[in-house]
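J.: Dropping the sequence and predicted coords here.
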Amino acid sequence: MGQLALSGVKKRFNKFEVIHGIDLDIRDGEFVVFVGPSGCGKSTLLRMICGLEEITEGECTIDGIRVNDLPPVKRGIAMVFQSYALYPHMSVFENIAFPLRVEKLPEAEIKERVMRAARVLQLENRLQQKPGNLSGGQRQRVAIGRAIVRQPSIFLFDEPLSNLDAALRAEMRIELTALHQKLKATMIYVTHDQVEAMTMADRIVVLDGGSISQVGAPLELYHKPDNLFVAGFIGNPRMNFLPGTCTAVGPEGATVNLVTGGTITVPVEAPRSLEGNPITLGIRPEHLSQAGGDLSIDVVPTVVERLGVNTVAYAELEGVGTISALLPGSSPVAPETPATLSFLAADCHLFDAEGMALTRKVDSSMPIPAAATA
Amino acid sequence: MMKKNAMIDRYRWWEVVLMYCGIFVFLFFVLAPFIEGFLVSLKPLGLLFSTPYRFLPENGSFKAYFTMWESVPEFGRYIFNSFFISTVITVVVLLLVVPASYAFARINFRGSGTLLGAFLAVNMFSGAVLLIPLFRLMRAYGMLNTYWSMIVPGVAFLIPTAIWLLSTYMRRIPRELDEAAYVDGASHFYILRRVILPLAMPGITVVAITTFIGAYAQQFIFALTFNSKTEFMPLPIGLYAYFGRQEVIWNELMAASFVGIAPAMILIFALQRYLVAGLTAGAVKQ
């Protein structure tokens, strides 16, 4: 079992509060990713769950037992560190066996468990080598092996892939997902990389400045971000935000007058009181196209990046700043050449003056057909 | 063909000559007393005060290296004493300093900074300033005229430097290693024994060497004040035996000096093997 609950968890360093009350339930066997910009407290939160940092206030329970005052080993967790934290003077075998030696298990069992972990991680041929002779990916696998042999109910990963190069990271991502399916243990994974979050997570916890911004399945965060922060954080290139004013609210949604000119009615559930108030319209770069739509804006691209499969165009808009558009690879856009970008009302997100999203009338569990593959 | 150096390390011939001249001047300045001491040890006593003075010995021989054992028969004992006292001091210092350094490097306790500062402050007093109070202490505990009278103050005065050296070294060992071990259920003592000690070996060797040399060098003043028994005397006092009533047997004195430091030299060269760098390679990705 590996069910974890945080309630009202806070962390203060001296007088300085870095975690402002976290409430979170993690189900047994779930893969949960904590994501957020650097300094948002995601690593601190993980270290509190682990027991490396004291929980100043609130409660952390694992399988219904309060673990605030238990040492890490009694919590039934294992942690994989960003820097691997391998013991350089010990062989791979001894590194993996370390937790079992601490536990003083009989030699035969140690051997059996280490071999089993090595088989899962394809390290059988490396057991006698020192970590210094291994590549980055292998070292990370040893670190994971050290976590596996303890047979914990919850695995904690602190940015385990951030030291690897891009190709290896993609490979390890798949390996970790496969490992999760094989072990069926609860995994909590911290990263600042939204690709890792989107690809691996059952649920993503977006943290911002020591608070939870939103919790949800990857596509839920993508299609229905709760606020400006999550909308801007999830998605790459990031969502474009166009300021405007709400002029009318009707059954079809809210009508917005944009500073860039033009009016559009977005299908959201909006309160009448919104009329006349400032509003922010969010549109993802991948939803901008040159094929026409409900509203068009004229831009002069300043930079055009051709990635082969896609083309990213950046343009300056007065009163908005830089906006970007993800266009097909064969798109005719060129720098300093005027272009027209259009989008559909159904693809738009609306945020009120406080930055909170107005609920979109879309089904987030389904891929949105229009312009999604533009 | 000669192996080519990297661009930045290629010099003209006169630059190379200049460099070697510089090295020679420097080395000569440092080694001149030793060279002269060695030359004196080769000369017959009668020729030592010849005028004009000659640096290079005429009909020099290693005779003094044999006669020195006859002039001062207990000399071997003095060498042993020096070696014994320094070894005991080194072992005791290491036993005390390794856990202390771990504590300073890893455990946050109230006043650790102050305590480290205090150790440094103690180091500013030379042993000589504290001789009188130390003498009273030794007398009170009945340690005068024993090996302890040289070992105890030796340990006391060498601990601060050793703690500074070793705790700095241990601080450089990545903290994640401790954390990983702690998460896996290891206690402080287990972490110290299985993780920190093996990784700190080069640092511990440095501390052992400096402590040993320090103990060798500082014996003189403690032996002179706290011990009057010939059989416990260390080497520096033992050398006094060559100061006769009428004359000083200079050539044997010099020979004895060289013989006396030989065991320590051998030990230090042997320990140097353990000063391997890069032992932490592969521990964490920096």
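T.: Perfect, thanks for sending it. Keep in mind that this is a model prediction, so the values were computed, not measured.
J.: contacting residues around residue 140?
T.: Since no chain was named, I'll use chain A. A:80, A:84, A:160, A:161, A:163, A:164, A:172 (Cβ atoms under 8 Å, 6 or more residues apart in numbering or on different chains). Where C-beta positions appear, they are placed from N, C-alpha and C, glycine not excepted.
J.: Quick check, central residue of chain A?
T.: Most central in chain A under Cα atoms, centre = their mean is residue A:197, positioned 3.4 Å from the mean C-alpha point.
J.: what about that one, which helix or strand?
T.: Using DSSP states H and E, residue A:197 sits within helix A:194-200.
J.: if I pick residue B:264, what's in contact with it?
T.: B:82, B:83, B:86, B:212, B:213, B:216.
J.: Please tell me the pLDDT value assigned to the nearest residue to the last one once chain neighbours are set aside.
T.: If I follow you right, that is residue B:216. Leaving aside its sequence neighbours, residue B:216 sits nearest to residue B:86 (Cβ to Cβ, 6 or more residues apart in numbering or on different chains; 5.0 Å). At residue B:86, the model reports a pLDDT of 92.
J.: all helices of the stretch 51-200 of chain B, in order?
T.: Using DSSP state H, counting those that start in this stretch, the helices of the stretch 51-200 of chain B run over B:64-71, B:75-106, B:112-124, B:131-140, B:148-171, B:175-183, B:188-191, B:197-199.
J.: for chain A, what are the low-confidence residue spans?
T.: A:363-374 (pLDDT under 70).
J.: Point out the residues in it that sit beside chain B.
T.: Taking Cβ under 8 Å from any Cβ of the partner chain as the contact definition, chain A meets chain B at A:50-52, A:71-73, A:77-79, A:81, A:83-89, A:98-99, A:101-103, A:130-134, A:136, A:139, A:146, A:150, A:163.
J.: Could you rank the contacts of residue A:140 by neighbour count and give me the top one?
T.: residue A:84 (28 neighbours; other Cβ atoms under 10 Å in any protein chain shown).
J.: So it sits against residue A:139, correct?
T.: Yes - the criterion here is Cβ atoms under 8 Å, and residue A:84 meets it with residue A:139 at 4.8 Å.
J.: Pull the number of nearby residues for the residue of the stretch 1-150 of chain B found nearest chain A.
T.: Chain A sits closest to residue B:108 of the stretch 1-150 of chain B, with a gap of 12.1 Å, by Cβ to the nearest Cβ. Counted by other Cβ under 10 Å, the residues lying close to residue B:108 total 6.
J.: repeat for the one 3 residues further on
T.: A count of nearby residues for residue B:111, using other Cβ under 10 Å, gives 9.
J.: Can you turn the buried part of the residues of chain A next to chain B into a PyMOL selection?
T.: To isolate the buried ones among the residues of chain A next to chain B in PyMOL, judged by 16 or more other Cβ atoms under 10 Å in any protein chain shown, type:
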select buried, chain A and resi 50+51+52+72+73+77+78+79+81+83+84+85+86+87+88+89+98+99+101+102+130+131+134+136+139+146+150+163
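J.: From the residues of chain A next to chain B, which land in strands?
T.: If you go by DSSP state E, these have A:77, A:78, A:79 in strands.
J.: Isn't residue B:158 up against residue B:213?
T.: No - here residue B:158 does not reach residue B:213: they are 9.9 Å apart, not a contact under Cβ under 8 Å.
J.: higher neighbour count, those two?
T.: For residue B:158 versus residue B:213, the count of surrounding residues by other Cβ under 10 Å is larger for residue B:158: 25 against 15.
J.: contacting residues for the more buried one?
T.: Contacts of residue B:158 by Cβ under 8 Å, 6+ apart are B:89, B:93, B:211, B:214, B:215, B:218.
J.: same thing but at 10 Å, please
T.: B:89-90, B:92-93, B:96-97, B:123, B:207, B:210-215, B:218 (Cβ atoms under 10 Å, 6 or more residues apart in numbering or on different chains).
J.: on that earlier part again, how far off centre is the helix or strand just after the helix holding residue A:197?
T.: Proceeding N to C from helix A:194-200, the next assigned helix or strand is strand A:203-208, under DSSP H and E. Centre-to-centre, strand A:203-208 and its host chain are 6 Å apart (Cα atoms, centre = their mean, to the nearest Å).
J.: ok, and the closest non-adjacent residue to the residue in the stretch 101-250 of chain B that chain A sits nearest to?
T.: Relative to chain A, the nearest point of the stretch 101-250 of chain B is residue B:185 (3.3 Å; Cβ to the nearest Cβ). Nearest residue to residue B:185 in three dimensions, chain neighbours excluded: residue A:73, at 3.3 Å (Cβ to Cβ, 6+ apart).
J.: Verify the stated contact: residue B:213 with residue B:86.
T.: Yes - here residue B:213 reaches residue B:86: they are 8.3 Å apart, a contact under Cβ atoms under 10 Å.
J.: picking up where we left off before, out of the helices of the stretch 51-200 of chain B, flag the one nearest residue A:230.
T.: helix B:175-183 (30.8 Å; Cβ to Cβ).
J.: And chain A, is that closest one touching that?
T.: Yes - counting by Cβ under 10 Å from any Cβ of the partner chain, chain A is contacted by helix B:175-183 at B:175, B:176, B:177, B:178, B:179, B:180, B:181, B:182, B:183.
J.: residues near the fourth one, how many?
T.: Going back to what we said before, that points to residue B:178. Around residue B:178 there are 20 other residues, counting by other Cβ under 10 Å.
J.: so it makes contact with residue A:81?
T.: No - using Cβ under 10 Å, residue B:178 is not in contact with residue A:81, being 11.1 Å away.
J.: Between strand A:203-208 and the helix or strand containing residue A:33, find me the angle.
T.: Using DSSP H and E, the element containing residue A:33 is strand A:31-35. Counting by axes from the mean of the first three to the mean of the last three Cα atoms, to 10 degrees, strand A:31-35 points 20 degrees away from the direction of strand A:203-208.
J.: Relative to strand A:31-35, what are the paired strands and their orientations?
T.: In the sheet, strand A:31-35 lines up against strand A:186-191 (parallel), strand A:203-208 (parallel) (DSSP bridges).
J.: Highest mean neighbour count out of those?
T.: Most buried of these, by mean neighbour count (mean count of other Cβ atoms under 10 Å in any protein chain shown): strand A:186-191, with a mean of 25.
J.: what's near enough to touch whatever residue of the stretch 251-374 of chain A ends up closest to chain B?
T.: The minimum distance from the stretch 251-374 of chain A to chain B, using Cβ to the nearest Cβ, falls at residue A:307 (29.0 Å). Listed by Cβ under 10 Å, 6+ apart, the contact set of residue A:307 reads A:326, A:329.
J.: Equivalent analysis for residue B:231, please.
T.: B:74, B:77, B:78, B:81, B:145, B:147.
J.: go with 7 Å
T.: Counting by Cβ atoms under 7 Å, 6 or more residues apart in numbering or on different chains, residue B:231 touches residue B:77.
J.: now the residue nearest to the centre of chain A: how far from chain B?
T.: Relative to chain B, residue A:197 is positioned 22 Å away (criterion: Cβ to the nearest Cβ, to the nearest Å).
J.: Show me where the stretch 51-200 of chain B dips below the pLDDT cut-off.
T.: B:127.
J.: Please name every helix or strand in contact with the longest helix seen in chain A.
T.: Longest helix in chain A by number of residues (criterion: DSSP state H): helix A:166-183. Contact partners of helix A:166-183 among helices and strands, from 3 or more Cβ pairs under 7 Å, 6 or more residues apart in numbering or on different chains; DSSP states H and E: helix A:136-148, helix A:194-200.
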